[in-house]
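Trainee: sharing a model prediction with you, sequence too.
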Amino acid sequence: MKKLKSLAFVGLLTLSLSAQNKVPLYLDESKPIEDRIEDALKRMTLEEKVAMCHAQSKFSSAGVSRLGIPDNWMTDGPHGIRPEVLWDEWNQAGWTNDSCIAFPALTCLAATWNPEMSMLYGKAIGEEARYRNKNVLLGPGVNIYRTPLNGRNFEYMGEDPHLASRMVVPYIHGVQSNGVAACVKHYALNNQEVYRHSINVNLSDRALREIYLPAFKAAVQEGKAWAIMGAYNLYKGQHCCHNQYLLNDILRDEWKFDGVVVSDWGGVYDTEQSAYNGLDMEFGTWTDGLTEGKSFAYNNYFLADPFLAQLRTGKIAESVVDNKVRNILRLTFRTNMNSKRPWGSFGTEEHALVGRKIAEEGIVLLQNKGNVLPIDLNKTKKILVVGENAIKVMVVGGGSSSLKAKHEISPLDGIKKRVGSSVDVVYARGYAGEKSKAQDGLATGQDIFDDRAESVLISEACEAAKTADAVIFVGGLNKNNGQDCESHDRSELGLPYGQDKVISALSKVNKNLVVVIISGNAVAMPWVKEVPSILQSWYLGSEAGNAIASILVGDANPSGKLPFTFAEKLNDYGAHALGEYPGEKGNVTYNEDIFVGYRWTEKQKIKPLFSFGHGLSYTEFAYGKASISSKNMGEKDILTVTVPVKNIGQLTGKEVVQLYIGDEKCSVPRPVKELKAFEKISLKAGQEKNVEFKISIDDLKFYDENKKEWVAENGKFKAYVGASSTDIKSVLDFELK
Ligand code: BGC
């Protein structure tokens, strides 16, 4: 009997132990994710659900500690992993293990016109995020370049919806292959920084659909982004972070987005709108609670206690919070709770080399008269480098994308290192703009303050230039407020700090002058005819100097193409020509409509300084005659455009072959032509390749505002094959029947 009793006891114990050991459904990765979400949701209290919907620190939000569901950790984005800030403050936490690799700015990535570079970028930055235990990377940004004054253009991918779409998708795939969510931003219409919190953007549905949304749509539908960030501005009178039309109707209902909508930091204004209009997670709200220092200020967020109170009384149904939590749990299961995700790596040489490769492919050779570039080191004894940007720390600044990098090679150091001791590299300041030693809470560790008079700096540079074999001026913009920097816009297209005078003066004393512009925006170039060689370099990150040096001496052959139009003057951009920037009385109206960038200059027959898609090489490409598979196109047909391209120069090089389509006659105004495909090919000297593009009916469509759908009208079209939007090599006619 005793034996039987003890046997029964052992049996019970085993039973209850095995019940205890049984993995709860939400933790069982072999089960469908939606079942796991429902299981976790069932176990959560209302308070736990609400806690997930808002920040608990500057960059984190709560998980469910009782259930072992981890917190979510966000990081900027989009060019490197932001250094740790204090729990409740923007100030640096002062960690010593958070110095990242700074990758080139997204304008540079776009200028590579190479989706493979996007994949490399995304994978590498995702690895950095993963290693630092961040599960959401706040990037990439795909707001369209509407005006060259926008202080944040450097964080975006240019003026063309097709280019931005093709480039954003692989970035997202790369990031998310690490089990880190890409958070695409800023959805939508955040095309200026002036009045960014209060401006209501008015535009036609057509401009919205054709110009401003395609890259977001591609990010969601093709990139399968797991997160998206609402923009600060308003659309249809509602802030974009809780916008019925953008978030519920388009993002969720039309595009079937199943990820998390994160607010921009401080972009939330209302509990009910946040509850009902698509927002899942509220971040960065500056409630009174924070400034007054209440014990847990985050409880005062719109999606915190005020939300909870309305849920408790039943004013807001529990299903509303449940839907948000479903999205958040989906994010967590895809990232933090995916046991198969890789471990990541951080600050590695491999990542630095990825950055360098992208930088070298993104630098654009704008002009090279007399083949001053590449610099022939066998014939060079002395190089003069002039300009503040040759020595200035550039990864620091610009706002939220500011970085603490493990290393940053300046252009001057990069050049010195590359040319070695056989060439004398001399430096002259030329102009002095920098007045401070810190930016965005990060000390640059650099004191480059120089208060000598402008005339003294210029004559010093010109004296040195007289005896130099080559002069390299490195200037442009920087990431200080009012230049390429968040929160503000630039005030003019011109270069700051009197740089035009320095460049003109140098061009008079040395004919081997190279101007390197470092910027994320177009700048005016009144000296363009006086200067033989111009390189558009971007903010290139850790390896900036090495990349610039390798282009200058020809180790790398330039192959970048402009992702936006360099117009001669501000009024050559539609927004400015029509006086529709920056808006007034809380409203800005995009009256230029779909005519943004080259769509505007072509319509107005304006010759840009350097056109969209432009970029030279040290070798030369000959385009053969393009052909089209048929002159007629039916609705389901796919036409093929084929063009032979040959490298007829002496060096291996890469060329971006571009296909534009123009509609000859249509019931609505259409651009002369629009980019619909491109391909970057590498050719050895003498080598020839056929490039093939497919055209489907989708490439012919416009957004019909009456029908609220994409429509192609029968009639004649032209396919333009070119090396840029203005350097067209073949024009082919075809007809949609
Ligand atoms: C920026 C976002 C950024 C966030 C967090 C905001 O001011 O607009 O792009 O991700 O701050 O730093």
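Mentor: Thanks, I have it. Remember, predicted model here, so these are calculated numbers, not experimental data.

Trainee: now do the helices in the stretch 1-150 of the chain.
Mentor: Taking DSSP state H, counting those that start in this stretch, the helices of the stretch 1-150 of the chain run over residues 2-21, 33-43, 46-52, 106-112, 115-131.

Trainee: pick out the shakiest of those helices, pLDDT-wise.
Mentor: Of all these, mean pLDDT reaches its minimum on helix 2-21 (a mean of 51).

Trainee: contact partners for the closest residue to Val261 other than its chain neighbours?
Mentor: Leaving aside its chain neighbours, Val261 sits nearest to Asp280 (4.8 Å; criterion: C-beta to C-beta, 6 or more residues apart in numbering). Every C-beta, even on glycine, is put in place using the N, C-alpha and C of the backbone. By C-beta atoms under 8 Å, 6 or more residues apart in numbering, the residues touching Asp280 are 53, 260-262, 324, 327-328.

Trainee: top of these by number of neighbours, please.
Mentor: Among the contacts of Asp280, Val262 has the most neighbours (other C-beta atoms under 10 Å), with 30 neighbours.

Trainee: does that residue have beta-bridge partners, and which?
Mentor: Val262 has the following beta-bridge partners by DSSP bridges: Met229, Met281.

Trainee: picking that back up, so for the residue nearest to Val261, what's the pLDDT?
Mentor: 98.

Trainee: Phe693 and Gln658 touch, don't they?
Mentor: No - Phe693 lies out of contact with Gln658 (C-beta atoms under 8 Å); the separation is 9.2 Å.

Trainee: those two: which has the busier surroundings?
Mentor: It is Gln658, of Phe693 and Gln658, that has more neighbours when counted by other C-beta under 10 Å, with 27 against 22.

Trainee: surely the more buried one is within a strand?
Mentor: Yes - judged by DSSP: H, G, I helix; E, B strand; the rest coil, Gln658 forms part of a strand.

Trainee: surely it touches Val721?
Mentor: Yes - if you go by C-beta under 8 Å, Gln658 and Val721 touch, sitting 7.2 Å apart.

Trainee: show me what contacts the closest residue to the ligand within the stretch 451-600 of the chain?
Mentor: For the stretch 451-600 of the chain and the ligand, the shortest gap (C-beta to the nearest ligand atom) falls at Glu486, measuring 6.1 Å. The contact partners of Glu486, by C-beta under 8 Å, 6+ apart, come to 151-152, 155, 193, 398-401.

Trainee: filter those residues down to the ones close to the ligand.
Mentor: Ser400 (C-beta under 6 Å from any ligand atom).

Trainee: closest to the ligand out of the contacts of Glu486?
Mentor: Using C-beta to the nearest ligand atom, these come closest to the ligand at Ser400, 3.5 Å.

Trainee: domain map for the protein?
Mentor: Listed by automatic domain parsing, the domain ranges of the chain are 24-334, 363-563, 565-615, 619-736.

Trainee: save those domains as TSV, and put in distance to Val354 too.
Mentor: What follows is these, written out as TSV (distance: least, C-beta to C-beta, whole Å):
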stretch	distance to Val354
domain 24-334	4
domain 363-563	9
domain 565-615	21
domain 619-736	17
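
Trainee: related to what we said a few turns ago, nearest to Tyr301, of the contacts of Asp280?
Mentor: The closest of the contacts of Asp280 to Tyr301 turns out to be Cys53 (C-beta to C-beta; 8.5 Å).

Trainee: give me phi/psi at Ala549?
Mentor: Reported as degrees, to the nearest 10, the phi and psi values for Ala549 are phi -60, psi -40.

Trainee: count of neighbours near it?
Mentor: Residues within reach of Ala549, counting by other C-beta under 10 Å, total 24.

Trainee: show the pLDDT at it.
Mentor: Per the predicted model, pLDDT is 98 at Ala549.

Trainee: OK, contacts around it?
Mentor: 411, 414-415, 417-419, 555.

Trainee: let me have those in JSON lines, extended by pLDDT and secondary structure.
Mentor: Shown next, in JSON lines, are these (pLDDT from 0 to 100; DSSP: H, G, I helix; E, B strand; the rest coil):
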{"residue": "Pro411", "pLDDT": "98", "secondary structure": "helix"}
{"residue": "Gly414", "pLDDT": "98", "secondary structure": "helix"}
{"residue": "Ile415", "pLDDT": "98", "secondary structure": "helix"}
{"residue": "Lys417", "pLDDT": "98", "secondary structure": "helix"}
{"residue": "Arg418", "pLDDT": "98", "secondary structure": "helix"}
{"residue": "Val419", "pLDDT": "97", "secondary structure": "helix"}
{"residue": "Asp555", "pLDDT": "98", "secondary structure": "coil"}
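
Trainee: of those - the most surrounded one?
Mentor: Using other C-beta under 10 Å as the neighbour test, the contacts of Ala549 are led by Pro411, with 27 neighbours.
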